[in-house]
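In: Have a look; sequence and predicted model below, questions after that.
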Amino acid sequence: MLLRLLMGEVGSGKTHWIHRKILSDAQGLPQERNILIVPEQYSFEAERTLGRRGGDTISRFAEVLSFTRLASRVFSIYGGVSEEYLDEGGRL
C-alpha cells in the first residue's frame, strides 16, 4: 500500500491529476483499490465527480472516504471502538 500526498496551490490541477490516476489504475489490472481521502464536507461532491468521470464500475476500483468514515472502517476491521471495556464494577 502506498500513501501519496499531493500538494499545490488552488487551481494547480491536483484534483484532475488524482482522478486521472485513479481512472488509469482502474483500466489496468488493479492489485488494490484506491482510496481517496477527502474532508467531510467534500465527500459527496468527490464521489459524484469520480462516478461521473469513471462510470458505473469505478466503485469496484476506488472509493471516497472522509476522515470519519476512514476511522469507522479502521475500527470495524481492527477493533478499537468495538471492544468492550470493563467499568469499575466489573473490575471489582
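Out: Now that the structure is in, tell me what you want to look at. Note that the structure is a prediction, hence the values are computed from the model and not measured.

In: Mind jotting down where the strands sit in the protein?
Out: Under the criterion DSSP state E, the chain contains strands at 34-38, 62-66.

In: Turn the ones you listed into CSV, columns for distance to residue 14, mean neighbour count and mean pLDDT.
Out: The way it works is simple: take the backbone N, C-alpha and C, and place the C-beta from them, glycine included. Compiled in CSV, these are given as follows (distance: least, C-beta to C-beta, whole Å; neighbours: other C-beta atoms under 10 Å; pLDDT from 0 to 100):
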stretch, distance to residue 14, mean neighbour count, mean pLDDT
strand 34-38, 11, 17, 88
strand 62-66, 15, 19, 91
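
In: Let me have those strands in CSV, extended by distance to residue 49.
Out: Converted to CSV, those look like this (distance: least, C-beta to C-beta, whole Å):
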stretch, distance to residue 49
strand 34-38, 10
strand 62-66, 9
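
In: Point out where this protein drops to low pLDDT.
Out: For the chain, applying pLDDT under 70 flags the ranges 1, 29-30, 80-86, 90-92.

In: the helices in it, which residues?
Out: 14-27, 43-54, 67-78, 88-91 (DSSP state H).

In: Dump these to CSV, plus mean neighbour count and distance to residue 2.
Out: Listed next are the helices of the chain as CSV, based on neighbours: other C-beta atoms under 10 Å; distance: least, C-beta to C-beta, whole Å:
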stretch, mean neighbour count, distance to residue 2
helix 14-27, 15, 11
helix 43-54, 15, 19
helix 67-78, 12, 16
helix 88-91, 7, 43
